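Trainee: give me a 3D structure for the following:
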Amino acid sequence: LDALVLVLAKHSFISMLLRKYICRRLLEYYSQPAHKVVGTPDASVDFSSLLGQWHWKRTYKRLYKQQKGMWLTPVELFAPYYSNVFANFVSSSMKPM
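Mentor: Numbering: from 1, shown residues only. Got it, this is the predicted structure:
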């Protein structure tokens, strides 16, 4: 079943299918330039200096307040370790020809 959603559009309500509304919103989101969506931290995190979970959470909050995009991916948060681990996993799981 398709659900109807009421959308406020320029001071008047219009109804449209929920799937069409979601499609439009996703299109608006993904048509933005990448630097507005995915942030880049100013500096990488020195994980060896973190004193525990509370310290990581504090550092994580600080990174999100400083970044310019809407969110950070694991690649940005755990650079360069995440990329190295992922590359090692892919290369070790490939079957030789």
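Trainee: okay, now the unreliable bits of this structure?
Mentor: 1-15, 97 (pLDDT under 70).
Trainee: mind telling me which residue is nearest the centre of it?
Mentor: Among the residues of the chain, the one closest to the centroid is Trp71, at 4.3 Å (C-alpha atoms, centre = their mean).
Trainee: that's a strand at Lys95, yeah?
Mentor: No. Lys95 is assigned coil when assessed by DSSP: H, G, I helix; E, B strand; the rest coil, not a strand.
Trainee: phi, psi of it?
Mentor: Main-chain dihedrals, Lys95, degrees, to the nearest 10: phi -80, psi 130.
Trainee: what is the neighbour count of it?
Mentor: Residue crowding around Lys95 was assessed by other C-beta atoms under 10 Å; the count is 4. C-beta: built from backbone N, CA, C; applies to glycine.
Trainee: go on, Lys20?
Mentor: Neighbour count of Lys20, defined by other C-beta under 10 Å: 13.
Trainee: try Gly39
Mentor: Neighbour tally, Gly39, other C-beta under 10 Å: 19.
Trainee: hmm, Lys68 and it touching each other?
Mentor: Yes. Contact criterion C-beta atoms under 8 Å: Gly39 and Lys68 qualify, at 5.4 Å.
Trainee: what bridges to the residue nearest to the centre of the chain?
Mentor: Under the criterion DSSP bridges, Trp71 forms beta bridges with Val38.
Trainee: got it, and Leu17?
Mentor: With DSSP bridges as the criterion, Leu17 is bridged to Leu4.
Trainee: distance-wise, check it relative to Lys65.
Mentor: 38 Å (C-beta to C-beta, to the nearest Å).
Trainee: which one's more surrounded, those two?
Mentor: Leu17 (12 against 7).
Trainee: Asn88 - how many residues pack around it?
Mentor: Around Asn88 there are 10 residues (other C-beta under 10 Å).
Trainee: quick one: it is in a helix?
Mentor: Yes. The assignment for Asn88 by three-state DSSP puts it in a helix.
Trainee: nice, that's everything, thank you.
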